[in-house]
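In: Okay, predicted coordinates and the sequence, questions at the end:
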Amino acid sequence: FLPCTSPFSLDMPVFGVPFGVYMQQQAATRPDLRLPSFLRDSMKYILQYGLDTEGIFRLAGPKSAIHDIKDKVQRGEVINYRAQKSDVTAVSDVMKIYFREQPECILKFDYYQKFIDTLSIEDPVQRTVAVKEILVKLPEVNKNILFDLILFLRQISFNAPQNKMSADNLGLVWAPNLLWSDTSSGSNVSMLDTLAGAGKIRYVISGLIEDFEQLFPVDEYDKTRFDQEIRVDFKHKMLGHTKSVQGICALDGLIYSASSNGMVRIYDPDTFQLVKTVDVEVPRLISLYCHDKFIFSGSYNSTKIFDTNFKLQKEIEGFGLAVIPMQESYWIGSEGGIKIVDSWSFNTIAEVKLPKGVFVLSMVYVQPTEEVWAGCIDGQIFIVSVISHEAEQLSGHTRKNFDSVTVHGDKIWAGAGDGFIYVFDYKQRQLLQKLKEPNMLMVNHLSSFHNLIWSCSRDSFIRVWDPVEMKCILTLEDYHTDAICKIIFHQNNTSNLWQAWSCSYDTTICIWDLLGKKFQLK
């Protein structure tokens, strides 16, 4: 995966240069990119910082900022939008200008009238087939750039409730930049025909956005997505929460996310559509956990347990950040110990006593040894016998909190506030290794999935670790802009792909496609 800004420049102009000519030159240094690097950086910056901008691509940016960005791109300079705090409306305007200043529109003059004619086809299936037949005739370079652009616009339109830019609105503002007739000398298209078509091409572009999955089959446009052993692609970024998203979980085929103000948003993971929003009335919510028809929401004061209709089943007093299911019970980490509640009545049936002032932040069950490892504040870990409830303390490795623990094979992986991951042999109770990547901050969450360890940290990165080599093998791009709280995994029944859902303090949820041979479903 690539940084936000591309670490190279080409000694050639960008604007006004035909797609094919520019991409041929860029391929000499960046054969992995299918579109101009400045476009890629612009798209990413807007998804990071402009997705919630009402009227993005419709609002005009400051002229001086537009000219500055365009001049720098044309000179081959690499712009660090984030460092310069660039105006997102200026960046969006420059994107449109780039396409408009092409010698020929990306959808090609020859197909102008053919695209217009598809609008008269009443049957939506036949219309989609007709449009697809035109798209496949485009030059390969045009198809690749168009695929990435329309996917990006679809990501914008998914958040239309916040940014007010539906597929129709995007079609209106983007159409003049993507499709126009050849009005040069010798053209068979009259000016009257051009004016008449101008009002129609918006529907051509909005149709590309709305029917993206049918018109741009990923298998045809990205034939290499399963060539690598491991590949993770950014899919969508979802707005909607107004406060930091503290937890995310899957239950009965739905995805639940919760923010610190107690709002729970429920999504259909196959379509990414919002199903409903529920206020669970949990002020200062700090955790969310789902299991067996029940939803656990933790706060600094208590853990509330709801059924899937959000009817309150039980409220358990005390700090509640960690919950794990056990046989016929749940263990709930709290201040000064762990409460064990019956899985039917949720009445407290036992309690593990820990020293006063100890807060349990994370737990994991280790079945071979019948123990629970509990990560706590101030660098403390307690190993609790499931049978006797006796606790053994491990400490001295760090003074920072152990915010996450997970088990993989015969090892415990524990993420700490100092930005290190501590790997223990759970049988010998010995620290095997301390892992850290450059600039990695507090590790908020660890998860074991597909024989890999996934870490979420305060520096807004998700990292993937090889548990055998005990090293980071992949860093996902930073589409989140603040600390990432958690990541979960779910199979999308529509795309037949494994996907990851991550939540962040930046109030958003990101969705990732798990590609490569390792994640391919048969």
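Out: Here it is on my side, so go on.
In: quick one: buried residues of the lengthiest helix in the chain?
Out: Secondary structure of the chain per DSSP state H: the longest helix is helix 140-157. Neighbour-count burial for helix 140-157 flags 141-157 (criterion: 16 or more other C-beta atoms under 10 Å). Every C-beta, even on glycine, is put in place using the N, C-alpha and C of the backbone.
In: now swap in stretch 218-234 and tell me
Out: Buried-residue list, stretch 218-234, by 16+ other C-beta under 10 Å: Val218, Tyr221, Asp222, Arg225, Ile230, Arg231, Val232, Asp233, Phe234.
In: of all these, which two lie farthest apart?
Out: For the buried residues of stretch 218-234, the farthest-apart pair by C-beta to C-beta is Tyr221 and Ile230; their separation is 20.7 Å.
In: quick one on the thing from earlier: from the contact counts, what lies against the longest helix of the chain?
Out: Applying 3 or more C-beta pairs under 8 Å, 6 or more residues apart in numbering; DSSP states H and E, one finds that helix 140-157 contacts helix 19-26, helix 37-49, helix 167-178, helix 201-210, helix 212-215, helix 218-221.
In: residue boundaries of the helices in the protein?
Out: Ranges of helices in the chain, per DSSP H, are 19-26, 37-49, 63-74, 81-84, 88-100, 112-118, 124-135, 140-157, 160-163, 167-178, 191-198, 201-210, 212-215, 218-221.
In: can you list the residues that contact the longest one?
Out: So the one you mean is helix 140-157. 19-20, 23, 34-36, 39-40, 43, 46-47, 51, 56-57, 106-108, 135-136, 138, 163, 165-167, 170, 174, 178, 208-209, 212, 215-216, 221-222, 236-237 (C-beta atoms under 8 Å, 6 or more residues apart in numbering).
In: export the buried residues of stretch 218-234 to CSV and tack on distance to Arg75 and pLDDT?
Out: Compiled in CSV, those are given as follows (distance: C-beta to C-beta, whole Å; pLDDT from 0 to 100):
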residue, distance to Arg75, pLDDT
Val218, 35, 82
Tyr221, 32, 81
Asp222, 32, 82
Arg225, 34, 78
Ile230, 37, 94
Arg231, 34, 94
Val232, 34, 96
Asp233, 31, 95
Phe234, 29, 96
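In: now the residues you listed in a markdown table, with distance to Leu119?
Out: Below are those laid out as a markdown table (distance: C-beta to C-beta, whole Å):
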| residue | distance to Leu119 |
| --- | --- |
| Val218 | 26 |
| Tyr221 | 24 |
| Asp222 | 28 |
| Arg225 | 32 |
| Ile230 | 43 |
| Arg231 | 37 |
| Val232 | 38 |
| Asp233 | 32 |
| Phe234 | 32 |
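In: all strands for the stretch 401-522 of the chain, in order.
Out: For the stretch 401-522 of the chain, applying DSSP state E, counting those that start in this stretch gives strands covering 402-408, 411-416, 421-425, 430-435, 443-449, 452-457, 462-466, 471-475, 484-492, 497-504, 509-515.
In: Mind checking the pLDDT average for the second one?
Out: Strand 411-416 shows an average pLDDT of 98 in the prediction.
In: who does it pair up with?
Out: Strand pairing for strand 411-416, determined by DSSP bridges: strand 402-408 (antiparallel), strand 421-425 (antiparallel).
In: Please identify the most buried of those.
Out: Ranked by mean neighbour count, these are led by strand 402-408 with a mean of 23 (mean count of other C-beta atoms under 10 Å).
In: Now do that strand: everything it contacts.
Out: With C-beta under 8 Å, 6+ apart, strand 402-408 has contacts from 361-366, 373-376, 379-381, 412-417, 422, 426, 442-448, 453, 467.
In: Of those residues, grab the buried ones for ChimeraX.
Out: Here is the ChimeraX command that selects only those of the contacts of strand 402-408 that count as buried (16+ other C-beta under 10 Å):
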select :361,362,363,364,365,366,373,374,375,376,379,380,381,412,413,414,415,416,417,422,426,442,443,444,445,446,447,448,453
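In: where in this structure is pLDDT low?
Out: Counting by pLDDT under 70, the chain contains low-confidence ranges at 1-11, 184-198, 522.
In: Is Ile412 in contact with Met363, as I believe?
Out: No. Taking contacts as C-beta atoms under 8 Å, Ile412 lies outside contact range of Met363: 11.2 Å.
In: and for the two, which residues touch both?
Out: By C-beta under 8 Å, 6+ apart, the residues touching both Ile412 and Met363 are Trp373, Val405.
In: what's the straight distance from one end of stretch 239-259 to the other?
Out: Stretch 239-259 has an end-to-end distance of 12 Å (criterion: C-alpha to C-alpha, to the nearest Å).
In: Quick one: residues contacting the closest residue to Asp87 other than its chain neighbours.
Out: Of all residues not flanking Asp87 in the chain, Ala65 sits nearest, at 4.8 Å (C-beta to C-beta, 6 or more residues apart in numbering). Neighbour list for Ala65: Ser86, Asp87, Ala90 [criterion: C-beta under 8 Å, 6+ apart].
In: same question, Leu251
Out: Here Leu251 is in contact with Cys290, His291, Lys293, Ile295, Thr308 (C-beta under 8 Å, 6+ apart).
In: Got a quick ChimeraX command for the buried subset of the contacts of helix 140-157?
Out: The ChimeraX selection below is limited to those of the contacts of helix 140-157 classed as buried (16+ other C-beta under 10 Å):
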select :19,23,34,35,36,39,40,43,46,47,51,56,57,106,107,108,135,138,163,165,166,167,170,174,178,208,209,212,215,216,221,222,236,237
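In: what about Gln380, distance to Thr224?
Out: To Thr224, Gln380 is 47 Å away according to C-beta to C-beta, to the nearest Å.
In: on that earlier part again, then the longest helix of the chain to PDB, C-alphas only?
Out: Extracted in PDB, the C-alpha atoms of helix 140-157 (Å, rounded to 0.1, in the frame of the first residue of the first chain):
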ATOM      1  CA  GLU A 140      -7.900   0.100 -21.900                       C
ATOM      2  CA  VAL A 141      -6.400   3.200 -20.300                       C
ATOM      3  CA  ASN A 142      -9.700   5.000 -20.400                       C
ATOM      4  CA  LYS A 143     -11.500   2.000 -18.900                       C
ATOM      5  CA  ASN A 144      -9.100   1.800 -16.000                       C
ATOM      6  CA  ILE A 145      -9.300   5.500 -15.200                       C
ATOM      7  CA  LEU A 146     -13.000   5.500 -15.600                       C
ATOM      8  CA  PHE A 147     -13.400   2.400 -13.300                       C
ATOM      9  CA  ASP A 148     -11.500   4.100 -10.500                       C
ATOM     10  CA  LEU A 149     -13.300   7.400 -10.900                       C
ATOM     11  CA  ILE A 150     -16.800   6.000 -10.900                       C
ATOM     12  CA  LEU A 151     -15.900   3.800  -7.900                       C
ATOM     13  CA  PHE A 152     -14.800   6.900  -6.100                       C
ATOM     14  CA  LEU A 153     -18.000   8.800  -7.100                       C
ATOM     15  CA  ARG A 154     -20.000   5.800  -5.800                       C
ATOM     16  CA  GLN A 155     -18.100   6.100  -2.500                       C
ATOM     17  CA  ILE A 156     -19.100   9.700  -2.400                       C
ATOM     18  CA  SER A 157     -22.800   9.000  -3.200                       C
END
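In: And that helix, how far out from the chain middle?
Out: Averaging C-alpha positions (C-alpha atoms, centre = their mean, to the nearest Å) puts helix 140-157 18 Å from its chain's average.
In: picking that back up, Ile484 is nearest to which of the strands paired with strand 411-416?
Out: Per C-beta to C-beta, nearest to Ile484 of the strands paired with strand 411-416: strand 402-408, 11.4 Å.
In: Contact partners for Met43?
Out: Per C-beta under 8 Å, 6+ apart, neighbours of Met43: Met95, Asp148, Phe152.
In: who's in contact with Pro13?
Out: Per C-beta under 8 Å, 6+ apart, neighbours of Pro13: Gln74.
In: One more: the one 3 residues further on?
Out: The contact partners of Gly16, taken as C-beta under 8 Å, 6+ apart, are Glu101, Gln102, Pro103.
In: out of these, which one sits closest to Ile511?
Out: Set against Ile511, the nearest of those by C-beta to C-beta is Gln102 (31.6 Å).
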